[in-house]
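[1] Fold the following, please.
(one chain, ligands or ions: 3)
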Amino acid sequence: MYTLGEFIIDNKKYFSHSIESLLRLFSAIKLAAKAVHKEVNKAGLTKNIGSSGKTNIQGEQQQKLDFFAHNIFINSLKNRDIVCGIASEESKDFIIINKKENIKDKYIVLIDPLDGSSNIDVNVPIGTIFSVYKSKYNNDFLTIDDFLQNGSKQILAGYIIYGSSTILVYTTGNGVHGFTLDPSIGTFYLSHPDLMFPDENKIYSINDGNYIKFSNGIKKYIKYCQKEKRNGGPYTARYIGSLVGDFHRNMIRGGIYIYPQTSLHPKGKLRLLYECNPIAFITEQAGGKASNGYKRILEIEPIDLHQRTPFICGPMNMVSKLENFIKNYDE
Ligand code: AHG
Ligand code: MN
Ligand code: MN
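    Numbers count the residues shown, from 1 in each chain. Ligands and ions are numbered 1, 2, ... in the order given. Below is the predicted model:
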């Protein structure tokens, strides 16, 4: 049984930053993940389900557990001397930690504390997504520029899926590795080393209820997926409405995830910094491709903390095929 901590130490030669920093970051992430896991598992008993009655900066209903997960992760990360700034999907502004401290060798964490929160009350997998950058250190103090770095600058990205088991998946640019929590002793053990999209890919994941709001390219691609006898038969549709859950399944089983622009969300719905960049980093490390339909996600220069983008990720051949549909029918 190989623990996450041992795995990190044994693979330190592949990590170009301080291994001590990585261990300290993970110690915060693991602790918060275990607290959220515990709360998610008993949410129905502790009345921690349902809406908090508030909306977040994106105008979305905040669930009680969104708020809980946000606080747990912020507090856990704050208490390490290694993180100098945090931005969360659930909070309007970025948070500066230890203003007086030197930020030179410290890290910026961007987080979607609870992803798929509309699924909390109905026992469907939800998750946490995190993304880590080195502070830019242009100044002695943090500015918005430290947070608006393009995704290719990530030094660590990952997610925790609270599903039939709780699994932490991460990459530092040396492959994608998954660790399952043994809740009886609170330890994450290596269970999914070197995750890669499989060669055979037959799943497509999109919210089909938005069909009439899609562009022609997306509509034609959906019809292509549904056509018989292509690539050995029609694709299978799977969509649960938690990016983490849909992505995790697609990486293991082989499939494409699509959240395009719609007439309701003309810039897309998913958040570039908290959702798309970390999942794009993992996608590429698992041998796949992540795009906004025209451009590599990791090369988009962010201009706003809560910026949205159309998002397509999955096996290289499936994403390239969809990009061709977009090129041929939408341009
Ligand atoms: P969040 O719960 O963090 O706001 O994210 C929800 C996101 C994502 O997880 C999911 O894939 C997508 O919204 C689902 O949106 P639709 O309900 O519009 O399909
Ligand atoms: Mn989300
Ligand atoms: Mn969220």
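[2] Which stretches in the stretch 151-300 of the chain count as strands?
    Per DSSP state E, counting those that start in this stretch, the stretch 151-300 of the chain carries strands over the ranges 156-162, 166-171, 176-182, 187-192, 203-205, 236-237, 255-259, 270-271, 288-291.
[3] Which parts of the third one count as buried, going by neighbours?
    It refers to strand 176-182. 176-181 (16 or more other C-beta atoms under 10 Å). Quick note: C-beta positions are derived from backbone N, CA and C, even for glycine.
[4] what's the answer for the fifth one, then?
    Neighbour-count burial for strand 203-205, counted by 16+ other C-beta under 10 Å, picks out 203-205.
[5] can you redo those residues as TSV with pLDDT and distance to ligand 1?
    Shown next, in TSV, are the buried residues of strand 203-205 (pLDDT from 0 to 100; distance: C-beta to the nearest ligand atom, whole Å):
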residue	pLDDT	distance to ligand 1
Ile203	96	14
Tyr204	97	14
Ser205	98	8
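[6] List phi and psi for Asn317.
    phi -70, psi -40 (degrees, to the nearest 10).
[7] That one touches Asn201, doesn't it?
    Yes - using C-beta atoms under 8 Å, Asn317 is in contact with Asn201, at 7.3 Å.
[8] What segments of the stretch 1-150 of the chain are strands?
    Using DSSP E, counting those that start in this stretch, the strands of the stretch 1-150 of the chain run over 51-55, 61-63, 83-88, 95-96, 107-115, 126-134.
[9] Paired strands for the third one, with orientation please.
    For strand 83-88, sheet partners with direction are given as strand 95-96 (antiparallel), strand 107-115 (parallel), following DSSP bridges.
[10] Please could you give me each C-alpha atom of that strand, formatted as PDB?
    Output of strand 83-88 as PDB, limited to C-alpha atoms (Å, rounded to 0.1, in the frame of the first residue of the first chain):
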ATOM      1  CA  VAL A  83       0.400  29.700   0.300                       C
ATOM      2  CA  CYS A  84       0.300  33.500  -0.200                       C
ATOM      3  CA  GLY A  85      -2.900  33.900  -2.100                       C
ATOM      4  CA  ILE A  86      -6.200  32.100  -2.700                       C
ATOM      5  CA  ALA A  87      -9.000  32.700  -5.100                       C
ATOM      6  CA  SER A  88     -12.200  30.700  -4.900                       C
END
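[11] one step back: nearest to Asn328, out of the strands of the stretch 151-300 of the chain?
    Asn328 lies closest, by C-beta to C-beta, to one member of the strands of the stretch 151-300 of the chain: strand 288-291, at 15.3 Å.
[12] List of residues touching that closest one?
    Strand 288-291 is contacted from outside by 197, 251, 276, 279-280, 283-284, 296-298, 311-316, 319-320, 323, using C-beta atoms under 8 Å, 6 or more residues apart in numbering.
[13] and after that strand, which helix or strand comes next?
    As assigned by DSSP states H and E, the chain's next helix or strand after strand 288-291 is strand 308-309.
[14] Next, count neighbours for the closest residue to ligand 2 within the stretch 1-150 of the chain.
    The stretch 1-150 of the chain approaches ligand 2 most closely through Asp115 (3.4 Å), counting by C-beta to the ion. By other C-beta atoms under 10 Å, 29 other residues sit near Asp115.
[15] Distance check, it against Phe130.
    Distance check for Asp115 against Phe130: by C-beta to C-beta, to the nearest Å, it reads 10 Å.
[16] before we move on, what about Lys34?
    Look at Lys34 and Phe130: by C-beta to C-beta, they are 15 Å apart.
[17] Equivalent analysis for Gly59, please.
    According to C-beta to C-beta, Gly59 stands 23 Å off from Phe130.
[18] Same check on Arg296?
    21 Å.
[19] same deal with Leu65?
    From Leu65 across to Phe130, the span is 17 Å (C-beta to C-beta).
[20] Ok, Lys106 next?
    Taken as C-beta to C-beta, the span from Lys106 to Phe130 is 16 Å.
[21] Check the contact between Glu39 and Asn48; I expect there is one.
    Yes - shown here, Glu39 and Asn48 form a contact pair, counting by C-beta under 8 Å, at 6.1 Å.
[22] near ligand 2, which residues of the stretch 101-250 of the chain?
    Proximity of the stretch 101-250 of the chain to ligand 2, by C-beta under 5 Å from the ion, involves residues 112, 115.
[23] try 6 Å
    112, 115, 243 (C-beta under 6 Å from the ion).
[24] how far away is the closest residue to Thr180 other than its chain neighbours from ligand 1?
    Once flanking residues are discounted, Thr180 sits nearest to Ser191: 4.0 Å by C-beta to C-beta, 6 or more residues apart in numbering. Going from Ser191 to ligand 1 by C-beta to the nearest ligand atom, to the nearest Å gives 23 Å.
[25] give me every residue that touches Ser191.
    Contacts of Ser191 (C-beta under 8 Å, 6+ apart): 167, 178-180.
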